[in-house]
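K.L.:
need a 3D model of the sequence below.
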Amino acid sequence: MFDLVRLRLLRELAHRGTMMAVADAMGMTSSAVSQQLATLEYEARAILLERIGRRVQLTAEGQRLAMHAEAILQAVEAAALDPQTAEKQPRGMVRVGSFPTFAQARLMPAIAAVRARYPDIEIILCEIESADAATAIRDGRCDLAIAFSYSLAPKADVPGIVSKQLLDEPVLLALGKEWRREAGPIDLRRLEGEKWIVGSRQLDDHELALRACALAGFVPRITHRIDDYNLLLHMVAAGLGIGFVPQMALGTANTKDIVRREAAGPPLHRRISAVIRHTSANMPTIRAVLSALQNPV
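P.N.:
Coordinates of the predicted model:
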């Protein structure tokens, strides 16, 4: 019979790709991970890993067992959660991870609505980057997390993770006041000589700028890397550059020296979703939070 810890390590290796990444996620040393997987190979009576240069990758047998591991671990999680799903009145703690702009605009009102209706639900909020949402769910750091992807930079599905769409919001150009007299969508080719501002901690903003400008036939001159949208907009107002900004972030800005315009070409938008474990989808507490997010007051 297979040990669940070893199956979890194999699943994480299939997802993360390196022993070091698995060790960091599981709070173990790389040598301990390697020893556990070697024991799993002995138990399976099959070669599950092969070394390619300095890295290891799953063999065909390892990939098949990793698929079985995913199904087995989901079944175990579902069995553990079953008593909670039987409760009529939701109660318990829900750990929610979100990026700041969504937390301020949509998550805080949803938390207030849940607390008013279900006083026995405790919601713990933590700030995470969108790129870390699926990992935080897989690691168990969050029960529900908020993630986004841009229309020109979609993301692949993650095994065992369910994505529930919350909204699509436009992504607009943030320009300096000299563009105020310009009406209608802006042809990106007119912005080839501008200094561009993108995010610093994740690649989504960078990829959006590269791909949108590539469709217009040029490579943007990326000068500044800023993650705080309020700071980015103040930099635009000061004439330090331009950038793409989601509508939600524009709504929180105080500066008046910003021109907001659509970019000509394919419509740009950001799809925001809630991500949860497949086994958590029917938990009353998760359903309550999801309902508040999907049906804002």
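K.L.:
run a quick neighbour tally on Q57.
P.N.:
Neighbour count of Q57, defined by other CB atoms under 10 Å: 15. C-beta coordinates here come from the backbone N, C-alpha and C atoms, glycine included.
K.L.:
I figured it was touching L49, is that so?
P.N.:
Yes: between Q57 and L49 there is a contact at 7.1 Å, judged by CB atoms under 8 Å.
K.L.:
given the helix or strand hosting I276, what are its sheet partners and their directions?
P.N.:
According to DSSP states H and E, I276 maps onto strand 269-277. Counting by DSSP bridges, the strands paired with strand 269-277 are strand 144-150 (antiparallel), strand 161-175 (antiparallel).
K.L.:
could you pull out the helices for the stretch 1-150 of the chain?
P.N.:
Using DSSP state H, counting those that start in this stretch, the helices of the stretch 1-150 of the chain run over 4-16, 19-26, 30-44, 60-85, 100-102, 108-117, 133-139.
K.L.:
give the contact list for R180.
P.N.:
V259 (CB atoms under 8 Å, 6 or more residues apart in numbering).
K.L.:
go again with 10 Å.
P.N.:
257-259, 261 (CB atoms under 10 Å, 6 or more residues apart in numbering).
K.L.:
make TSV out of those residues and add neighbour count, secondary structure and pLDDT.
P.N.:
Shown next, in TSV, are those (neighbours: other CB atoms under 10 Å; DSSP: H, G, I helix; E, B strand; the rest coil; pLDDT from 0 to 100):
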residue	neighbour count	secondary structure	pLDDT
D257	14	coil	83
I258	22	coil	90
V259	19	strand	92
R261	16	strand	95
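K.L.:
ok, the nearest residue to T279 once chain neighbours are set aside - contacts?
P.N.:
Of all residues not flanking T279 in the chain, E77 sits nearest, at 4.0 Å (CB to CB, 6 or more residues apart in numbering). E77 makes contacts with 140, 160, 277-280, as judged by CB under 10 Å, 6+ apart.
K.L.:
nearest to L65, of those?
P.N.:
G160 (15.4 Å; CB to CB).
K.L.:
residues near that closest one, how many?
P.N.:
For G160, using other CB under 10 Å, the count is 18.
K.L.:
do the one 10 residues further on as well
P.N.:
Burial of P170 is recorded as 17 neighbouring residues (other CB under 10 Å).
K.L.:
from Y42, how far off is it?
P.N.:
Here the criterion is CB to CB, to the nearest Å. By it, P170 lies 55 Å from Y42.
K.L.:
swap in L293?
P.N.:
46 Å.
K.L.:
out of those two, which sits in the busier spot?
P.N.:
Counted by other CB under 10 Å, L293 and Y42 do not tie: L293 has more neighbours, with 26 against 9.
K.L.:
could you give the angle of the helix or strand harbouring the more buried one to strand 144-150?
P.N.:
Applying DSSP H and E as the criterion places L293 in helix 284-294. With axes from the mean of the first three to the mean of the last three CA atoms, to 10 degrees defining the directions, helix 284-294 sits at 40 degrees from strand 144-150.
K.L.:
could you check the angle helix 284-294 makes with helix 108-117?
P.N.:
130 degrees.
K.L.:
great, nothing more from me.
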